[in-house]
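**Student:** model the structure of this input:
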Amino acid sequence: MKEAKLLEEGDVSFFYKSDSPVGKKENRSLYLLLSADSFKSRLLKIDERKIPDKQNNKNWAFVERTGNKKDIKKELPEARVAAGGIYKIVRHENHVHLIYSLQMSADSKRAKNKFNILKEGNFIVSVKNPALPAEEFPERAGQEQGAKFPSWLQEKFDGRRFHVLHPVDFLDYEGAELILIDTQKSIAENLGIELREKPD
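**Tutor:** Take a look at the predicted model:
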């Protein structure tokens, strides 16, 4: 098995909040906050409000906010924490994985049943080319589609609709659109690594 190369690691938090007016059926949004350190965090909004699973192993996400962790969390005053843990982004063969392991769950039953947030996750991640259409990618009402990548990143697509999440700098641009595919394999089985919390 080819060894996986670490690209980034840090803390991960899952948040959810209600988007519904008072008196209407509750409709929640799911967010994933990746914090490489105190100054570099990205807030991803998950389409369909669920993490991919075996029944629906593909889902979309986009980078809604970038910045430091404290400021991003201030922008989610009504959001509730569903779970938290650690993550790594690793290069393995010709693709890139986002993997996580939960260290805490505010409500494990809700996290699992409502949002498909399991104890660990292993997803192949690619970035959509903002210069080309992708019919399967959901429209975001009232929001501009796609990120404005600098030329050195945009050139990575080389005319293709998608590119692997490498370098991870793609995540630093708000509006970046991602596809997450559940590998349906354990992290240890697929990548031969273990996720352990970093010592203080």
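
**Student:** for Glu75, see how far away the closest residue to Leu43 other than its chain neighbours is.
**Tutor:** Take Leu43 and drop its neighbours on the chain: the residue closest to it by Cβ to Cβ, 6 or more residues apart in numbering is Arg65, 4.1 Å away. The way it works is simple: take the backbone N, C-alpha and C, and place the C-beta from them, glycine included. Shown here: Arg65 relative to Glu75, a distance of 6 Å by Cβ to Cβ, to the nearest Å.

**Student:** anything in contact with each of those two?
**Tutor:** The contact sets of Arg65 and Glu75 overlap at Leu43 (Cβ atoms under 8 Å, 6 or more residues apart in numbering).

**Student:** and Gln103, how far from Leu165?
**Tutor:** Gln103 sits 23 Å away from Leu165, taking Cβ to Cβ as the criterion.

**Student:** who has more neighbours out of the two?
**Tutor:** Set side by side, Gln103 and Leu165 show more neighbours around Leu165, with 26 against 15, by other Cβ atoms under 10 Å.

**Student:** before we move on, the earlier item: wait, the residue nearest to Leu43 touches Lys73, no?
**Tutor:** No - with contact defined as Cβ atoms under 8 Å, Arg65 does not count as touching Lys73 (9.9 Å).

**Student:** contacting residues around the residue nearest to Leu43?
**Tutor:** Arg42, Leu43, Ile72, Glu75, Glu174.

**Student:** which of those residues fall in strands?
**Tutor:** Here DSSP state E is the test, and the contacts of Arg65 give Arg42, Leu43 as lying in strands.

**Student:** may I see the ChimeraX selection of the buried members of the contacts of Arg65?
**Tutor:** Entered in ChimeraX, the line below selects the buried ones among those, by 16 or more other Cβ atoms under 10 Å:
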select :42,43,72,174
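
**Student:** make CSV out of the contacts of Arg65 and add pLDDT.
**Tutor:** Converted to CSV, the contacts of Arg65 look like this (pLDDT from 0 to 100):
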residue, pLDDT
Arg42, 96
Leu43, 96
Ile72, 92
Glu75, 86
Glu174, 95
